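Q: I'd like to go over a predicted model; first the sequence, then the structure.
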Amino acid sequence: MDYRDIAFRDCRQGNEGEMLLFALDRVHHQFAWKTGGLDARQLRQQHPPSRLTLAGLIKHMASVEAHWTARAHGRTPGSPWDSVDWDADGEWDWHSAVSDEPNDLYALWYDTIQRSRQTWAETIANDELAATFAQGSDDYIVSRRRAFVDVLEENLLHAGQASILREAVDGLTGNDPP
């Protein structure tokens, strides 16, 4: 799997939901390009003083996307996320990734974003971005629109980090895949 496996549709015109989905597709495409095609050593490489790895970014992004999308739609995130004791290890996704095989990491991320995209596309098609849900233990009420923006923001932040780490690994630079 690589960035070409992401359904990336250009969107020059569209309503709010279509533009949001386009932005998410585009950043998924960029993230896949920046993290794709690497071996285990490259994915696990740290660049001091940071302890970030591309492997950790991949698994963290799968976790973020799975959790926010599930919560916004009244679901649980599913495996492997629902079997983790997040109170005991709130950074499990980051550090456990260095033990994962590259194909497993890539499959986890690709499967997660495909399910997430399908869910968000249905939400947008059904004009349900304004629907609300309780977030967190204090029952803070947020809209699905807000959750979608949070997913997009996390993807943008970590795509930038992936860009920096990838350049340090093998010199790959640029904003968009060829």
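A: Yep, it's here.

Q: for this structure, which spans come out with low pLDDT?
A: In the predicted model of the chain, residues 1-13 satisfy pLDDT under 70.

Q: Have a look at the protein and report its longest helix.
A: In the chain, ranked by residue count with DSSP state H as the criterion, the top helix is helix 144-170.

Q: Go ahead and confirm residue 150 touches residue 69.
A: No: distance between residue 150 and residue 69: 10.3 Å, which falls outside the contact criterion (CB atoms under 8 Å). No exception for glycine: its C-beta is placed from N, CA and C like everyone else's.

Q: These two: which has the busier surroundings?
A: Each of residue 150 and residue 69 has its neighbours counted (other CB atoms under 10 Å); residue 69 has more, 24 against 15.

Q: And the closest residue to the more buried one other than its chain neighbours, how far from residue 55?
A: Nearest non-adjacent residue to residue 69, counting by CB to CB, 6 or more residues apart in numbering: residue 116, 4.4 Å away. According to CB to CB, to the nearest Å, residue 116 stands 20 Å off from residue 55.

Q: Those two: which is more packed in?
A: Here residue 116 and residue 55 are set side by side on neighbour count (other CB under 10 Å), and the busier one is residue 55, at 25 against 22.

Q: show me the contacts for the more buried one.
A: For residue 55, the contact set (CB atoms under 8 Å, 6 or more residues apart in numbering) comprises 40, 43-44, 97-98, 100, 102, 105.

Q: Which helix or which strand is home to the residue nearest the centre of the chain?
A: Among the residues of the chain, the smallest C-alpha distance to the mean C-alpha position (CA atoms, centre = their mean) belongs to residue 61, namely 3.4 Å. Using DSSP states H and E, residue 61 falls within helix 54-72.

Q: Residue 33 and residue 163 touch, don't they?
A: No: between residue 33 and residue 163 no contact is recorded; they are 9.3 Å apart, counting by CB under 8 Å.

Q: Who has more neighbours out of these two?
A: It is residue 33, of residue 33 and residue 163, that has more neighbours when counted by other CB under 10 Å, with 23 against 19.

Q: if I look at residue 60, how far off is residue 141?
A: Noted for residue 60: a distance of 26 Å to residue 141, by CB to CB.

Q: of the two, who's got more company?
A: With neighbours defined as other CB under 10 Å, residue 60 and residue 141 compare such that residue 60 has more, 21 against 10.

Q: correct me, but residue 121 touches residue 22?
A: No: taking contact to mean CB under 8 Å, the distance of 11.1 Å between residue 121 and residue 22 leaves them out of contact.
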